[in-house]
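A.B. asks: Take a look and give me a structure for this.
(3 chains)
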Amino acid sequence: MLTYVIRRILILIPMLLIISFLVYWGLELTPGDAVSHLINPEAAGRMSAEQLNDLRESYGLNKSFIERYGIWLINVLQGNFGHSLAGGVPIADIFLDRLPATLELSFVALFFSTVMGSILGTISALKRGSAVDSGLTVVGMLGVSIPELFFGLVALLIFALELGWLPVGGRLLPSYTSYWDHVPNIVLPALVLSLMMTAGVMRYSRSSMLDALSREFITTARSKGLPEWRINLLHGFRVALTPVVVLIGFRLPVLIGGTVIIEQVFQWPGIGNEFISSVRGADYPLVMMIALFSVFAVLLASLIIDVLTALIDPRVRLS
Amino acid sequence: METDHNIALSVKNLKTYFYTNNRCNRAVNGVSFDIEKGKTLCIVGESGCGKSVTASTIMQLLPRLSRIEEGSITYHSDAGDIDIENLERNGQKMRAIRGSEIAMIFQDPMTALNPVYTIGFQIGESLKYHTDLTRKQIRDKTIDLLRDMGISLPEQRIDEYPHQYSGGMRQRAMIAMAMSCNPKILIADEPTTALDVTIQAQIFELMDRLKEKHNTAIMLITHDMGVVAELADDVAVMYMGNIVEAGTIDEVLRTPTHPYTRALLDSIPVLGEGKNQIIEPIPGSTPDPYQRPKGCQFAPRCTHYSEQCDIMPAETQISETHRIMCWKYQEFATNGK
Amino acid sequence: MENSSLNRKFDRILALENAGKLKASSGNRALSKFYNNRLAVFGLIVFSIILLTAVFAPLLTSHDPLKINLRNIAQSPSWEHWFGTDRTGRDVFSRVLYGGRISILVGLGSALMAAVIGVAIGAYTGFKGGWIDVIALRISEIFMSFPQIILVLMLVSIAGQSLFNLIFIFVLTGWGAMYRMTRARMLSLREEEYVQALQSFGLSTATICYKHILPNALGPIMVNITLSTAAFILAEAGLSFLGLGVPLNLPTWGNILNVAQEIRVLQNFWWMWLPVGLVISLFVLSVNFIGDGLRDATDPSQQG
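C.D. replies: You can find the predicted model right below:
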């Protein structure tokens, strides 16, 4: 098991190297150079041309592309992600500032959609062909078809603007005294994001459950005279669970995509929101670092999911 | 052979139809047979002839889009007769029979065992629902069962997963599972098709031993005439949903009467007859189940076809135990081998 | 009760079968299965209606979607302007129709191009195997480890905003899924005996691969095209809503929706964003229904 995990990590490293190289290359294609990326732009503005040139020299900008990449990589590994062009804030600080909001939103959505989605999907599969199943199927289809921003806007209009039950947007407002004061703020974005994701998980767990129920060991279980609930839960659901867990890992990119949009609709001050403003403001170092960070998150999630799957499935665990 | 107390299960004029794709497939179209205690009934036929469906019907393990149309399945339990066809599919009464009175083993033990549970867990499940044993007793009994089935080191093997077993061992574990509650009837659906020949022999030997020991009635489904010759006490030959010929092993193998049975026997080599034996494949192929011949289902492939055969022949008893579905049985019965 | 309705259905089939009325269906079984799926047919009808209104937009409206009319700002819906006018007095109805042209072009066009590229590479490398297969697989892995929206926005920030760039970027980010699916089908199909027979006849790899194997993978490919069409239309709407998709001077569904970012518009001028939001939802829904119908129709393991 341990060797399996180590092997998986070893496969990840070259992947990350290639992607970081591509990102760095993208960074080089954009206007500006490493000096403006690595040091505070305001400080750079005060320097003379000669000083800047010395600085370029000291950063090795006259060196080859590969060497420059190496230097940049070492910097990144040491936590020096460079500076944002807007205001010259270190990118690491921006991450620390914005990440909690995004993590909060995505974890709520991930948790809610996984639980609801797999329960509803399983019910749908067990009641196949019934009115409940058709109803859930159509609702699920609506869920994956309505643009989340549109759904978000309508929810915003109804619950925040018209009914006034919930705040329009934002997260930690200055008037809040405790951490829990912002709970009303998270309700709408989290609910919209969760519902959209629930639809996908539901559709998937329905088909996974149907697949599990059509397997031969279900017939075996039935031939032993086991009650239906035990067959469905212990034999059906338990086996259907593995692909659903895998799906959650695969849905991380979807979640990130959804978060970017929803953060924008509800003015949620997370990484996604920051990403949009950096793209709009052509703040290339920030764009690239967020992109790199998101890839890292996706690869990490896939690693965790692989390990989780191995824990669930004895065929992988014991080989 | 009216209500013989030796009979474990009798099936009368059973019809099971499938309703997939908005069509009706008469998968089992009126079969009758008895399974006797301590004996092995072999049901032989090509794939798609309805032999497996017959087995699933007895266990009420049919898929959703199918139903029993007609006929009866009577299980002669110690507490009186039970009409299985009237029981609710997954109802409590049916579940009480499954696994404890009638048990089943399947073709491919790899797919028939749940990959995420240990062998011990899966055998124990059966005991848990059909006996009052405690957890500890279940474990001990499971170990005993595995040992009985010839699995070495059962104390360790009990906690292993199906993928850690070899093919033959998996089928032994399946049999342990089926035999756990001492069923009166064991239905085996091609139990060795997925196994090597040497393992096959071992599995059959095991089944034969269990039959002797517990007086179990065995219904063995196979397409292999060699297996039939080896194991069967009685034989039923199925073709396109009907039993075309049935009788004791001697009657069917020594005096095969239905043209299909004869063709089937001619199409396999016999051990010990040397390399010069004539092997005749059966001409043609099994018809599309949705475009069945009007009368005798074998008529289009039969070398003895005549117009008479366009009407379905009735079952005729040619001896006390030997019966056949063919208009021309007299011709064959007299000039039989 | 489910059982009694099933029993009635069985009785009906049996009666028809006994009367000899059920003949082996002539024609394509997958096609007839598709037409028996009510949701799929509904999807096909809605899809066709929206597609046709977009294509024949000039016949359906006399308003110019680009014409600014400052005397007619933010009018609510009327006979003259079915969906009202926006804040520069442009007719929203004609913008939705003309916007459909570009949005559907982006969605369907990107999906088709991504399919052509993904399938061509997947079929060839999957069949051929070896180092070329490994390289293609690694490249697709790199593309697929970026969350799509991040990759798209990153590329937009490098390549700049234009209709062509957007389609190009969608194809670049979308071919991977198609490639993966085709490759997986190919790996299982190339082990089939008929393929080995063809190889023993000495047919060229390309002929076997594209002419003899590919048609067998057509079902899943079609399903995938519909699903990625839906995904690209949603992506276009999302990006344009953020103001980072198609340049704002072109009417697209996403660009029309863009105005709803302003709370004032959201609350007071519902006609500027609600109809177009519904049209997008309906269109994507119809495409998804078609996709589901195709999947059920072409998957032999699904019976019913």
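A.B. asks: Going by C-alpha atoms from here, please, whenever you check contacts or count neighbours.
C.D. replies: Noted.
A.B. asks: What residues does chain A have near chain C?
C.D. replies: Taking Cα under 8 Å from any Cα of the partner chain, the part of chain A that reaches chain C is made up of A:15, A:19, A:26, A:29-30, A:130, A:141-142, A:144-147, A:149-150, A:153, A:157, A:161, A:252-254, A:256-257, A:261, A:264-265, A:276, A:279-280, A:282, A:284, A:287-288, A:291, A:294-295, A:298-299.
A.B. asks: Low-confidence bits of the chain, can you list those?
C.D. replies: All of this is about chain A. Of all residues in chain A, those with pLDDT under 70 make up the ranges A:1, A:31-47, A:52, A:55-63, A:170-181, A:315-319.
A.B. asks: nope, chain C
C.D. replies: Under the criterion of pLDDT under 70, the regions of chain C flagged as low confidence span C:1-3, C:20-29, C:74, C:81, C:299-304.
A.B. asks: Longest helix of the chain, counting residues only.
C.D. replies: Looking at chain A here, since you left the chain open. Secondary structure of chain A per DSSP state H: the longest helix is helix A:91-126.
A.B. asks: Chain C, not that one
C.D. replies: Assignment by DSSP H gives helix C:92-128 as the longest helix of chain C.
A.B. asks: Pull the helix or strand following that one out as PDB, backbone CA atoms only.
C.D. replies: Counting by DSSP states H and E, the element after helix C:92-128 in chain order, helix or strand, is helix C:130-144. Only the C-alpha atoms of helix C:130-144 are listed here, as PDB (Å, rounded to 0.1, in the frame of the first residue of the first chain):
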ATOM      1  CA  GLY C 130       3.700   2.000 -28.700                       C
ATOM      2  CA  TRP C 131       5.500   5.300 -28.100                       C
ATOM      3  CA  ILE C 132       3.200   7.400 -30.200                       C
ATOM      4  CA  ASP C 133       0.300   6.300 -28.000                       C
ATOM      5  CA  VAL C 134       2.200   7.100 -24.800                       C
ATOM      6  CA  ILE C 135       3.100  10.600 -26.000                       C
ATOM      7  CA  ALA C 136      -0.500  11.400 -27.000                       C
ATOM      8  CA  LEU C 137      -1.700  10.100 -23.700                       C
ATOM      9  CA  ARG C 138       0.700  12.200 -21.700                       C
ATOM     10  CA  ILE C 139      -0.200  15.300 -23.700                       C
ATOM     11  CA  SER C 140      -3.900  14.800 -23.100                       C
ATOM     12  CA  GLU C 141      -3.200  14.200 -19.400                       C
ATOM     13  CA  ILE C 142      -1.400  17.600 -19.200                       C
ATOM     14  CA  PHE C 143      -4.400  19.400 -20.900                       C
ATOM     15  CA  MET C 144      -6.900  17.600 -18.700                       C
END
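A.B. asks: Tell me the buried residues in the next helix or strand after helix C:130-144?
C.D. replies: Note on helix C:130-144: by DSSP H and E, the next helix or strand toward the C-terminus is helix C:148-159. Taking 16 or more other Cα atoms under 10 Å in any protein chain shown as the neighbour-count basis, helix C:148-159 is seen to contain the buried residues C:Gln148, C:Ile149, C:Ile150, C:Leu151, C:Val152, C:Leu153, C:Met154, C:Leu155, C:Val156, C:Ser157, C:Ile158.
A.B. asks: Counting neighbours, what do you get for the closest residue to A:Asp313 other than its chain neighbours?
C.D. replies: Leaving aside its sequence neighbours, A:Asp313 sits nearest to B:Val116 (Cα to Cα, 6 or more residues apart in numbering or on different chains; 6.1 Å). By the other Cα atoms under 10 Å in any protein chain shown criterion, the neighbourhood of B:Val116 contains 17 residues.
A.B. asks: For B:Val116, which three-state class applies?
C.D. replies: Remark: B:Val116 carries the secondary structure label coil [criterion: DSSP: H, G, I helix; E, B strand; the rest coil].
A.B. asks: tell me the contacts of it?
C.D. replies: By Cα atoms under 8 Å, 6 or more residues apart in numbering or on different chains, the residues touching B:Val116 are A:Val239, A:Ile312, A:Asp313, A:Pro314, A:Arg315, B:Tyr161.
A.B. asks: again, but for A:Leu99
C.D. replies: For A:Leu99, the residues meeting the contact criterion (Cα under 8 Å, 6+ apart) are A:Gly270, A:Ile271.
A.B. asks: and the closest residue to C:Ser78 other than its chain neighbours, how far is that from C:Ile45?
C.D. replies: Spatial nearest neighbour of C:Ser78, excluding adjacent residues (Cα to Cα, 6+ apart): C:Gly84 at 6.3 Å. Note on C:Gly84: its distance to C:Ile45, by Cα to Cα, to the nearest Å, is 26 Å.
A.B. asks: and C:Met144, how many neighbours does it have?
C.D. replies: By the criterion of other Cα under 10 Å, C:Met144 has 19 neighbours.
A.B. asks: secondary structure element for the closest residue to it other than its chain neighbours?
C.D. replies: Spatial nearest neighbour of C:Met144, chain neighbours left out: C:Gly176 (6.6 Å); criterion: Cα to Cα, 6+ apart. Under the criterion DSSP H and E, the helix or strand holding C:Gly176 is helix C:163-189.
A.B. asks: Mind listing what's buried along that helix?
C.D. replies: C:165-183, C:185-187, C:189.
A.B. asks: cool, and stretch B:297-308?
C.D. replies: Neighbour-count burial for stretch B:297-308, with 16+ other Cα under 10 Å as criterion, is recorded at B:Gln297, B:Phe298, B:Ala299, B:Pro300, B:Arg301, B:Cys302, B:Tyr305.
A.B. asks: quick one, phi psi at B:Ser47?
C.D. replies: As for B:Ser47, its main-chain torsions (degrees, to the nearest 10) stand at phi -70, psi 140.
A.B. asks: how much space is there between it and B:Val53?
C.D. replies: 11 Å.
A.B. asks: who has more neighbours, the two?
C.D. replies: More neighbours sit around B:Val53 than around the other of B:Ser47 and B:Val53, counting by other Cα under 10 Å; the figures are 22 against 14.
A.B. asks: can I assume the more buried one is in contact with B:Arg26?
C.D. replies: No: here B:Val53 does not reach B:Arg26: they are 10.6 Å apart, not a contact under Cα atoms under 8 Å.
A.B. asks: which residues do those two both contact?
C.D. replies: Both B:Val53 and B:Arg26 are in contact with B:Thr16, where contact means Cα under 8 Å, 6+ apart.
A.B. asks: Could you give me the buried positions within stretch A:108-123?
C.D. replies: Applying a neighbour-count criterion of 16+ other Cα under 10 Å, the buried positions in stretch A:108-123 are A:108-110, A:112-114, A:116-123.
A.B. asks: Dump these to TSV, plus distance to C:Gly243.
C.D. replies: Converted to TSV, these look like this (distance: Cα to Cα, whole Å):
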residue	distance to C:Gly243
A:Val108	28
A:Ala109	25
A:Leu110	27
A:Phe112	30
A:Ser113	29
A:Thr114	31
A:Met116	33
A:Gly117	32
A:Ser118	35
A:Ile119	37
A:Leu120	36
A:Gly121	36
A:Thr122	39
A:Ile123	40
